[in-house]
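Asks: how would this look folded up:
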Amino acid sequence: MMPTVAVVLFAAPALATGMHSGTEGGHEIMTIGQPGMAAKAARTIRISMIENEDGSMAFDPVSVTIKRGETVRLAFTNEGEYDHEFVMDTHEQVMEHKAGMERLPEMEHADLNAIRIGPQGKGEIIWAFASVGKFEFACLIPGHYELGMKGDLTVTAN
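Replies: Model (predicted):
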């Protein structure tokens with residue numbers, strides 16, 4: 001069991017780095033932003049993780065728009081019978097993380113821009129969005145992305 005733990009701890013930081021745009025307080029900031037403070041959350045966006053009768057999976061909503069500089073509480077509900085996760089980043093970083101999950105499907109995440117939620121569970125991420133642009137969110141548990149668990153996250157100038 002110890003070698004698996006060592007692999008997970010070694011692999012997770014390499015996959016969790018994201019695109020960085022600088023440093024703040026000695027910590028690197030991802031292009032999409034950084035964890036925010038709950039007291040500064042301007043609004044809550046509720047996102048459901050859904051499994052459909054036809055076997056497809058989805059987020060509801062599948063598209064989210066946020067203003068640059070806004071701190072948002074992302075509140076998740078897993079309405080399904082399987083674990084799901086939410087990872088947000090640039091498309092390239094999401095695809096890199098997806099490839100890592102395919103290699104190590106039982107990988108535990110320590111990513112600040114991600115959360116894994118068990119069946120019928122709830123969770124949240126509070127995030128301060130830093131850069132204008134088109135980003136992506138997805139469930140990267142092997143097979144879930146292909147079944148439709150992905151969405152668009154747009155950060156506007158104002």
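
Asks: secondary structure element for Met101?
Replies: Element membership for Met101, per DSSP states H and E: helix 91-103.

Asks: list the buried ones in that helix?
Replies: Buried residues in helix 91-103, counted by 16 or more other Cβ atoms under 10 Å: 93-94, 96-98, 100-101. Where you see a C-beta, it was placed from the backbone N, CA and C, and this is true even at glycine.

Asks: repeat that for stretch 105-114.
Replies: Within stretch 105-114, the residues scored as buried using 16+ other Cβ under 10 Å are 107, 109, 111, 113-114.

Asks: and the two most separated of the residues you listed?
Replies: Using Cβ to Cβ, those span at most 15.1 Å, a distance reached by Met107 and Asn113.

Asks: who's in contact with the helix or strand that the helix holding Met101 is followed by?
Replies: Toward the C-terminus, helix 91-103 is succeeded by strand 114-117 as the next helix or strand (DSSP H and E). If you take Cβ atoms under 8 Å, 6 or more residues apart in numbering as the criterion, strand 114-117 is touched by 16, 49, 76-78, 83-88, 109, 123-125.

Asks: of these, buried ones?
Replies: With neighbours counted by 16+ other Cβ under 10 Å, those contain buried members at 16, 49, 76-78, 84-88, 109, 123-125.

Asks: any idea which helix or strand in the protein has the lowest mean pLDDT?
Replies: helix 2-16 (a mean of 33; mean pLDDT, DSSP states H and E).

Asks: let me see the contact set for Pro142.
Replies: Neighbouring residues of Pro142 by Cβ under 8 Å, 6+ apart: 101-102, 105.

Asks: one more time with 10 Å, if that's ok
Replies: Going by Cβ atoms under 10 Å, 6 or more residues apart in numbering, Pro142 touches 98, 101-106.

Asks: name the helix or strand for it, please.
Replies: Using DSSP H and E, no helix or strand contains Pro142.

Asks: gap between it and Gln34?
Replies: The gap separating Pro142 from Gln34 is 28 Å, by Cβ to Cβ, to the nearest Å.

Asks: likewise Glu51?
Replies: Taken as Cβ to Cβ, the span from Glu51 to Gln34 is 31 Å.

Asks: so where's this structure shaky on pLDDT?
Replies: For the chain, the stretches with pLDDT under 70 are 1-29, 108-110.

Asks: if we go to 80?
Replies: For the chain, the stretches flagged by pLDDT under 80 are 1-29, 105-110.

Asks: partner residues bridging the most centrally placed residue in it?
Replies: In the chain, the residue lying closest to the centroid (Cα atoms, centre = their mean) is Val87, at 1.6 Å. Legend: beta-bridge partners of Val87 under DSSP bridges are Ala114, Ala138.
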